[in-house]
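K.L.:
sequence and computational prediction follow.
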Amino acid sequence: MKTQQLLDEILGMLRLVKDNKEKLQKIHTFFTEEIYEEPEEEEIPEKYKKVVAQIADSLLAGFICYFNPDTFEIEDVPEHMINDPHEFKMLTGETEDSMALKHENWQKCIEFNPMDSHESFNIMKYFIDEVDNRNLQDRLIYDLNHRKPFANFKYRVENSDYRQQWFNFRQKQWEQYVWNEMQEQLGLWED
């Protein structure tokens, strides 16, 4: 049987017992004891923690970041300047040529771009599992499955008791994203 067929069959079985707490508990116990393994998060080495956090913050603010692995310098460039220079010039009066970009002179440079919307959406989806309030979980799921999912999720979670938990969770996810990208790029220069 193919993987998707197995998954569909398992989900069908779960739907049949979804209202039976005792059966769901048995399934949960079986999964946690026999099947599920908590994924290990790779610890970010101490020497990179500060720079990874700074890059994550900048990406969240809409910048493209450049990192020099030799000097640990970071240069943040507004995303509009790179992706739509004409709009950037209209908004700021500056052009890419008028700004001295340090990263263009670095021998080694890692470029970090913000996550695409699919990846950001997944972070919101994963956060729902962190919420222990069933009512809020249901409302967040609703928000993600209807119009304007990003705006509605943001509004609901930021006006809840889970606001700080959301910020911490999102930051950690973005830092892991940066670290994964950094490791991949650093690997290119290893002997």
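P.N.:
Cool, got the structure.

K.L.:
now Asn145: phi and psi?
P.N.:
Note on Asn145: backbone dihedrals following degrees, to the nearest 10 are phi -110, psi 10.

K.L.:
for stretch 174-188, C-alpha coordinates in PDB please.
P.N.:
Below are the C-alpha coordinates for stretch 174-188, written out as PDB (Å, rounded to 0.1, in the frame of the first residue of the first chain):
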ATOM      1  CA  TRP A 174      13.100  32.000  12.400                       C
ATOM      2  CA  GLU A 175      16.400  31.500  14.200                       C
ATOM      3  CA  GLN A 176      16.300  27.800  13.200                       C
ATOM      4  CA  TYR A 177      15.600  28.800   9.700                       C
ATOM      5  CA  VAL A 178      18.600  31.200   9.700                       C
ATOM      6  CA  TRP A 179      20.900  28.600  11.300                       C
ATOM      7  CA  ASN A 180      19.900  25.900   8.700                       C
ATOM      8  CA  GLU A 181      20.600  28.300   5.800                       C
ATOM      9  CA  MET A 182      23.900  29.400   7.400                       C
ATOM     10  CA  GLN A 183      25.100  25.800   7.900                       C
ATOM     11  CA  GLU A 184      24.300  25.000   4.300                       C
ATOM     12  CA  GLN A 185      26.300  28.000   3.100                       C
ATOM     13  CA  LEU A 186      29.100  27.600   5.500                       C
ATOM     14  CA  GLY A 187      29.500  24.000   4.200                       C
ATOM     15  CA  LEU A 188      30.400  25.400   0.800                       C
END
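
K.L.:
any buried residues in that stretch, and which?
P.N.:
Residues of stretch 174-188 classed as buried by neighbour count (16 or more other C-beta atoms under 10 Å): 174-179, 181-182, 185. Where you see a C-beta, it was placed from the backbone N, CA and C, and this is true even at glycine.

K.L.:
one more: stretch 150-168?
P.N.:
For stretch 150-168, the neighbour count (16+ other C-beta under 10 Å) marks 152-153, 156-157, 162, 166 as buried.

K.L.:
check these and tell me the two furthest apart.
P.N.:
Asn152 and Tyr162 (14.9 Å; C-beta to C-beta).

K.L.:
picking up where we left off before, closest one to Met13 out of the buried residues of stretch 174-188, please.
P.N.:
Within those, the smallest distance to Met13 is 32.8 Å, found for Gln176 (C-beta to C-beta).

K.L.:
next one, pLDDT for the closest one please.
P.N.:
Gln176 carries a pLDDT score of 95 in this model.

K.L.:
now the residue of the chain positioned farthest from its centre: how far from His28?
P.N.:
If you look at how far each residue of the chain sits from its centre, by C-alpha atoms, centre = their mean, the farthest one is Glu22, at 34.8 Å. To His28, Glu22 is 11 Å away according to C-beta to C-beta, to the nearest Å.
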